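> Okay, predicted coordinates and the sequence, questions at the end:
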Amino acid sequence: MLRSLWFWIVIILIATGAAVTAALGALHWLALFLAALVLTAAVTLLAAAYAIGRAEPLQIPRLRALPNSERLPVIYDCDVTMGHPFREVGDGLVLLYLLGEPRVNLLSVTTTYGNGPVEMTTRAALRLLNSVEHGDIPVLRGATGPEDAAEANTAAHHLRDAVNRRPGEIILIATGSMTNLKHAAILDPEFFTKLRGLYLMGGVTQPLIWNGRRLVELNFALDPQAAYQAIHADCPTTIAPGQSGLSAVFRGPQLAALQALKDPVSRLISRRVRSWFALMRTYFQDGGFALWDSAIALMLTQPGLFEYERGHVISDRDDLRAGRLVTTPNKRGPVRIVHRVLDYDRFINTHFAAWHHLGQQLEARRNP
């Protein structure tokens with residue numbers, strides 16, 4: 001309990017209220033009123049974070065290791081902020097999924113801005129990898145903003161070099177701003193043609209409204225020029241727009257089931273998603289948070305879980321300033337557009353199986 005973020009939030013709020021009350025003297029009733037409001041907000045978030053009930057441990061499939069020759073070589077370009085209170089956790093959950101999924105060989109992680117500044121996302125990615133003893137995976141810091149110079153972008157140089165060493169082999173998943181991809185294409189105009197596949201999370205096909213609240217698109221819109229190049233890349237491309245995440249909400253029963261697994265990675269996730277879970281559960285009144293980024297990651301390994309269609313994306317740069325995807329269906333189109341999760345239970349269990357597998361590997365290393 002003493003290590004809990006929520007414990008210290010409540011203690012700080014109580015101490016601050018007492019100090020303000022003492023300092024204001026004659027205005028102590030106003031101070032007490034304000035302190036009560038703040039305390040009410042804290043209690044509301046605490047209830048949202050922990051009132052999830054209990055669940056029996058799930059029967060999840062046991063995954064087996066595969067030889068590298070059967071694994072998909074992946075680079076993950078992302079804006080991880082998992083581990084920071086009240087910050088988006090989706091990229092971090094995908095990173096842990098990719099580490100635990102035997103069919104994926106995660107070669108490296110490149111960081112970008114989006115959920116936070118690139119300094120934050122780089123530190124968060126490094127800390128998360130180290131926490132599960134995968135500090136050997138390279139993490140390359142990327143762009144700070146759309147106006148950065150390509151030559152100064154370490155991540156872009158890495159992307160260019162990686163695909164040139166293994167042309168036609170590497171799959172790139174991108175779930176933040178697309179600036180690193182734009183810079184890699186500046187450094188090597190043939191960059192996209194050398195990818196085996198490109199998986200993008202971003203854009204909206206219609207206004208994104210969640211329980212009456214309209215959301216702003218914050219991936220493609222951060223660098224419309226970069227997004228334009230990525231969605232028109234000359235390689236097999238898959239895009240999961242924001243709408244797909246609304247069919248993938250991680251709610252209380254799923255968090256309770258995750259806690260019941262008890263392995264170190266499941267426990268780590270349960271702790272690190274708690275504040276974001278409480279914030280999203282309170283704000284959107286839909287029981288939890290959306291797994292936006294998982295929709296594109298699992299489309300790589302489990303496409304049968306999704307409804308999707310092929311087509312053309314005809315958005316121009318003005319469209320992409322608002323993250324708007326304009327599409328025309330075509331069974332022979334070059335782009336797959338993900339619409340929604342078809343089998344929610346399997347979608348969640350696929351995450352749990354990979355996270356639990358990673359947890360078992362971590363336990364084996366710690367207790368040989």
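Great, that's in hand. From a predicted model like this one, the values you see are computed outputs, not experimental measurements. Residues are numbered from 1 along each chain as shown.

> any residues touching stretch 214-231, and which ones?
Stretch 214-231 is touched from outside by 113-114, 146, 174-179, 181-182, 185, 192, 198, 200-204, 207-209, 237, 239, 242, 313, 315-318, 320-325, 335, with contacts defined as Cβ atoms under 8 Å, 6 or more residues apart in numbering. (Each C-beta comes from the backbone N, C-alpha and C, glycine too.)

> Of these, grab the buried ones for PyMOL.
Buried residues among the contacts of stretch 214-231 (16 or more other Cβ atoms under 10 Å), as a PyMOL selection:
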select buried, resi 113+114+146+174+175+176+177+178+179+181+182+185+192+198+200+201+202+203+204+208+237+239+242+313+315+320+321+323+324+325+335
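
> Out of the contacts of stretch 214-231, list just those in strands.
Secondary structure assignment by DSSP state E places Ala174, Leu198, Leu200, Met201, Ile209, Thr237, Ile239, Val313, Val335 of the contacts of stretch 214-231 in strands.

> if I look at Pro141, how far off is Thr112?
Careful, residue 141 is Arg; it's not Pro. Separation of Arg141 from Thr112 (Cβ to Cβ, to the nearest Å) stands at 9 Å.

> and what of Lys262?
According to Cβ to Cβ, Lys262 stands 34 Å off from Thr112.

> likewise Arg274?
25 Å.

> more crowded one of those two?
Thr112 (33 against 22; other Cβ atoms under 10 Å).

> Read off the pLDDT value for Asp91.
You'll see Asp91 listed with a pLDDT of 98.

> contacting residues for it?
By Cβ under 8 Å, 6+ apart, the neighbours of Asp91 are Cys78, Asp79, Val80, Thr81, Met82, Asn115, Thr121, Thr175, Gly176, Asp293.

> I'd like these as JSON lines, with pLDDT and distance to Ala248 appended.
Formatted as JSON lines, the contacts of Asp91 follow (pLDDT from 0 to 100; distance: Cβ to Cβ, whole Å):
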{"residue": "Cys78", "pLDDT": "98", "distance to Ala248": "17"}
{"residue": "Asp79", "pLDDT": "98", "distance to Ala248": "18"}
{"residue": "Val80", "pLDDT": "98", "distance to Ala248": "18"}
{"residue": "Thr81", "pLDDT": "98", "distance to Ala248": "19"}
{"residue": "Met82", "pLDDT": "97", "distance to Ala248": "17"}
{"residue": "Asn115", "pLDDT": "97", "distance to Ala248": "17"}
{"residue": "Thr121", "pLDDT": "98", "distance to Ala248": "22"}
{"residue": "Thr175", "pLDDT": "98", "distance to Ala248": "13"}
{"residue": "Gly176", "pLDDT": "98", "distance to Ala248": "18"}
{"residue": "Asp293", "pLDDT": "98", "distance to Ala248": "10"}
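
> In JSON lines, list those along with distance to Arg365.
Below are the contacts of Asp91 laid out as JSON lines (distance: Cβ to Cβ, whole Å):
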{"residue": "Cys78", "distance to Arg365": "24"}
{"residue": "Asp79", "distance to Arg365": "28"}
{"residue": "Val80", "distance to Arg365": "22"}
{"residue": "Thr81", "distance to Arg365": "26"}
{"residue": "Met82", "distance to Arg365": "21"}
{"residue": "Asn115", "distance to Arg365": "29"}
{"residue": "Thr121", "distance to Arg365": "26"}
{"residue": "Thr175", "distance to Arg365": "28"}
{"residue": "Gly176", "distance to Arg365": "30"}
{"residue": "Asp293", "distance to Arg365": "27"}
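
> The nearest residue to Gly287 once chain neighbours are set aside: neighbouring residues, count only.
Distances taken as Cβ to Cβ, 6 or more residues apart in numbering put Arg251 closest to Gly287, at 3.6 Å, once the chain neighbours are dropped. Neighbourhood size, Arg251 [other Cβ under 10 Å]: 15.

> how about Arg251, phi and psi?
For Arg251, the backbone dihedrals are phi -110, psi -180 (criterion: degrees, to the nearest 10).

> thinking again about what came up before, pull up the overlap in contacts between Arg141 and Thr112.
Val118, Ala155.

> ok, back up a step: show me which of the contacts of Asp91 is closest to Arg281.
Met82 (16.9 Å; Cβ to Cβ).

> wait, is that closest one part of a strand?
No: Met82 is assigned coil when assessed by DSSP: H, G, I helix; E, B strand; the rest coil, not a strand.

> what comes up buried for stretch 299-313?
Met299, Leu300, Thr301, Leu305, Phe306, Tyr308, Gly311, His312, Val313.

> okay, those in JSON lines with secondary structure and distance to Tyr97 next?
Below are the buried residues of stretch 299-313 laid out as JSON lines (DSSP: H, G, I helix; E, B strand; the rest coil; distance: Cβ to Cβ, whole Å):
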{"residue": "Met299", "secondary structure": "helix", "distance to Tyr97": "12"}
{"residue": "Leu300", "secondary structure": "helix", "distance to Tyr97": "10"}
{"residue": "Thr301", "secondary structure": "helix", "distance to Tyr97": "9"}
{"residue": "Leu305", "secondary structure": "helix", "distance to Tyr97": "13"}
{"residue": "Phe306", "secondary structure": "strand", "distance to Tyr97": "15"}
{"residue": "Tyr308", "secondary structure": "strand", "distance to Tyr97": "19"}
{"residue": "Gly311", "secondary structure": "strand", "distance to Tyr97": "27"}
{"residue": "His312", "secondary structure": "strand", "distance to Tyr97": "30"}
{"residue": "Val313", "secondary structure": "strand", "distance to Tyr97": "26"}
